[in-house]
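[1] have a look at this prediction, sequence included:
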Amino acid sequence: MDTMSLPVTLRGASAPTLMWAAEHEIEPAALTQLRNIAALPWVHGVRVMPDVHLGKGATVGSVIAMEQAVSPSAVGVDIGCGVVAVRTNLVEEDLERLPRLRSAIEAAVPVGFGAHEEAVNVRALGLDRGWDRFWAQFRTLHKGAQSLESKAHRQMGTLGGGNHFIEVTVGQDKSVWLTLHSGSRNIGKVLAEAHIAIAKELPHNRELPDRDLAVFLTGTPEMDAYRRDLWWAQEYALRSRAVMMELVKRAFARHFAGRDVTFDETINVHHNYVAEEVIDGRTMLVTRKGAIRAGRGDLALIPGSMGTGSYVVRGLGNDASFQSASHGAGRRLSRNKAKALFAGDDNGRSAIAEQIGKIESRRDAGILDELPGAYKDLHSVIEAQSDLVEVVQHLQTVLCVKG
């Protein structure tokens, strides 16, 4: 589709729904999901990013502006999921012994369901500002999470699984960048599931076309409780990425011992969260599910798959998109379909070799659902939103740590 004709209006949507993708490019189930979202009486408008695909509750790649309401399922279970990027002073020619560097990063940051044996000493990392205040709020969280405080401490600064990653990348100018993608870990999931269950039982949600879109309403104790836990989980995710990146930076610097390794300011942004913002002159609760804020001058990272790297972008502040942009490339194949397609007769070895080439990474069947072929083309996704962001750097992956 000619990107000059974007955005387009979603036909049959009750609330104004603008899309940075053509209808024929979006799976029918996702279009139905978008129309269900737009039909909620509290929705002021929906914006759809070019990485759009079917999600749980709400569509991934959507921005939902609601007045005096929020849907916990639309936010999802990985509250505060997002990305971090930082440029180093090294250049591509400086990179060496990548297998050893990957091992050093994996030793510093637990992945998958793992946790640190003991909570990370954030004071030693210089990341303790507001730390005591933050953890003092734990006792106010939903009662179902109260037994998880120790685990939450030990999972702070850990990667998780799925599409979460830590990467060493090289920019167009040969600069070396560190990037990572992670969220609020198990504590965010537990809090989200508890509130989703509560919302589904509220009387005003019983006639909804999709119970996964159940909402909390402003002025109710249920909304107050959810927003309290939501803000806490979003801060947890933000802090966890900061801790993780500091651990990665230190492992990276040790690997290049003898070099004066320095790092620029860190870009740390959510792409799965709620914010209170003014839309069309009215205060809204804006849910970005698989979308970033792209206010004028905002720096962000839009990652693709492990084979296509990422884009560092600067927001253009386009009000038509609710000042938003895509969070990544977006899935083209479900996880199960990707695994079945790429497994072949050799447990995926051929597909892995073909799709990720020389990238330093684990090369087992556990990454089949994360191969580039499972995702949309990142470059096309970036091109489709040229009115939302401008490109600062295209980063090509040279090393990838997967959960």
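    Yep, it's here. In this text the structure is predicted, and so the values were computed from the model without any measurement.
[2] identify the residues contacting residue 242.
    Each residue near residue 242 by C-beta atoms under 8 Å, 6 or more residues apart in numbering is listed here: 84, 127, 266, 268. Where you see a C-beta, it was placed from the backbone N, CA and C, and this is true even at glycine.
[3] neighbour-wise, give me the winner out of those residues.
    residue 84 (23 neighbours; other C-beta atoms under 10 Å).
[4] circling back to that earlier point, of the contacts of residue 242, which belong to helices?
    Members of the contacts of residue 242 lying in helices (criterion: DSSP state H): none.
[5] quick check: the farthest pair among those?
    Largest separation among the contacts of residue 242 by C-beta to C-beta: 84 and 127, giving 12.6 Å.
[6] spatially nearest residue to the residue positioned nearest the centre of the chain (excluding sequence neighbours)?
    The centre of the chain sits closest to residue 82, judged by C-alpha atoms, centre = their mean, with a distance of 3.6 Å. Residue nearest to residue 82 in three dimensions, not counting chain neighbours: residue 270, with 4.0 Å by C-beta to C-beta, 6 or more residues apart in numbering.
[7] can you give me phi and psi for the one you found?
    Main-chain torsions, residue 270, degrees, to the nearest 10: phi -80, psi 150.
[8] burial measure for residue 381, as a count.
    27.
[9] and the longest helix belonging to the chain, how far out from the chain middle?
    With secondary structure taken from DSSP H, the chain has its longest helix at helix 221-255. Computed by C-alpha atoms, centre = their mean, to the nearest Å, the chain-centroid distance of helix 221-255 equals 12 Å.
[10] stretch 305-316 too?
    12 Å.
[11] for the chain, longest strand please?
    Ranked by residue count, the top strand of the chain under DSSP state E comes out as strand 389-402.
[12] in it, what's buried?
    In terms of neighbour count (16 or more other C-beta atoms under 10 Å), strand 389-402 has its buried residues at 389, 392, 393, 394, 395, 396, 397, 398, 399, 400, 401, 402.
[13] which residues are in contact with the last one?
    Residue 402 makes contact with 111, 161, 164, 165, 306, 361, 362, 366, 367, 370 under the criterion C-beta under 8 Å, 6+ apart.
[14] same thing with residue 83?
    By C-beta under 8 Å, 6+ apart, the contact list for residue 83 reads 179, 180, 181, 241, 267, 268, 269, 271, 300, 301, 303, 310.
[15] go again with 10 Å.
    Neighbouring residues of residue 83 by C-beta atoms under 10 Å, 6 or more residues apart in numbering: 164-165, 179-183, 241, 267-271, 292, 300-303, 310, 327-328.
[16] re the thing from before, let's have the contacts of residue 242 in CSV, adding distance to residue 337 and pLDDT.
    Putting these into CSV (distance: C-beta to C-beta, whole Å; pLDDT from 0 to 100) gives the following:
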residue, distance to residue 337, pLDDT
84, 30, 98
127, 40, 97
266, 35, 96
268, 32, 97
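[17] which of those fall in strands?
    Cross-referencing these against strands under DSSP E gives 84, 268.
[18] distance check, residue 186 against residue 237.
    Here residue 186 is placed at a distance of 12 Å from residue 237 (C-beta to C-beta, to the nearest Å).
[19] the two: who's more crowded?
    Counted by other C-beta under 10 Å, residue 186 and residue 237 do not tie: residue 237 has more neighbours, with 26 against 17.
[20] could you tell me which residues touch both of residue 84 and residue 127?
    Contact criterion C-beta under 10 Å, 6+ apart; residues shared by residue 84 and residue 127: 242, 245, 246.
[21] contact partners of stretch 218-227?
    42, 66-70, 72, 75, 140-142, 191-192, 194-196, 198-199, 201-202, 204, 215-217, 230, 274, 276, 283, 285.
[22] show the buried residues in these.
    By neighbour count, with 16+ other C-beta under 10 Å, these hold 42, 66, 69-70, 72, 75, 141-142, 191-192, 194-196, 198-199, 215-217, 230, 274, 285 as buried.
[23] so which of these sit within strands?
    Per DSSP E, the buried ones among the contacts of stretch 218-227 map to strands at 66, 69, 70, 216, 217, 274, 285.
[24] closest one of these to residue 156?
    Among these, residue 274 lies closest to residue 156 (C-beta to C-beta), at 21.3 Å.
[25] distance from the centroid: which residue in this protein tops it?
    residue 258 (34.9 Å).
[26] measure that residue to residue 247 for me?
    In this view, residue 258 and residue 247 are 21 Å apart by C-beta to C-beta.
[27] hang on, the earlier thing: between strand 389-402 and the longest helix of the chain, find me the angle.
    Angle between the axes of helix 221-255 and strand 389-402 is 70 degrees (criterion: axes from the mean of the first three to the mean of the last three C-alpha atoms, to 10 degrees).
[28] residues of helix 221-255 that come out buried?
    Across helix 221-255, burial judged by 16+ other C-beta under 10 Å covers 222-223, 225-227, 229-230, 232-249, 251-252, 255.
[29] with just CA atoms, put stretch 204-220 into PDB.
    What follows is stretch 204-220, C-alpha atoms only, in PDB (Å, rounded to 0.1, in the frame of the first residue of the first chain):
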ATOM      1  CA  HIS A 204     -21.400  -3.100  34.000                       C
ATOM      2  CA  ASN A 205     -19.200  -5.600  32.000                       C
ATOM      3  CA  ARG A 206     -21.700  -8.500  31.700                       C
ATOM      4  CA  GLU A 207     -23.200  -7.500  28.400                       C
ATOM      5  CA  LEU A 208     -19.900  -6.700  26.600                       C
ATOM      6  CA  PRO A 209     -19.300  -8.500  23.200                       C
ATOM      7  CA  ASP A 210     -15.900  -9.600  24.500                       C
ATOM      8  CA  ARG A 211     -15.500 -10.200  28.300                       C
ATOM      9  CA  ASP A 212     -11.800  -9.800  27.800                       C
ATOM     10  CA  LEU A 213     -12.500  -6.100  27.300                       C
ATOM     11  CA  ALA A 214     -14.000  -5.600  30.800                       C
ATOM     12  CA  VAL A 215     -13.200  -2.200  32.300                       C
ATOM     13  CA  PHE A 216     -12.800  -0.500  35.600                       C
ATOM     14  CA  LEU A 217     -14.600   2.900  36.000                       C
ATOM     15  CA  THR A 218     -13.200   6.100  37.500                       C
ATOM     16  CA  GLY A 219     -14.400   6.800  41.000                       C
ATOM     17  CA  THR A 220     -14.800   3.100  42.000                       C
END
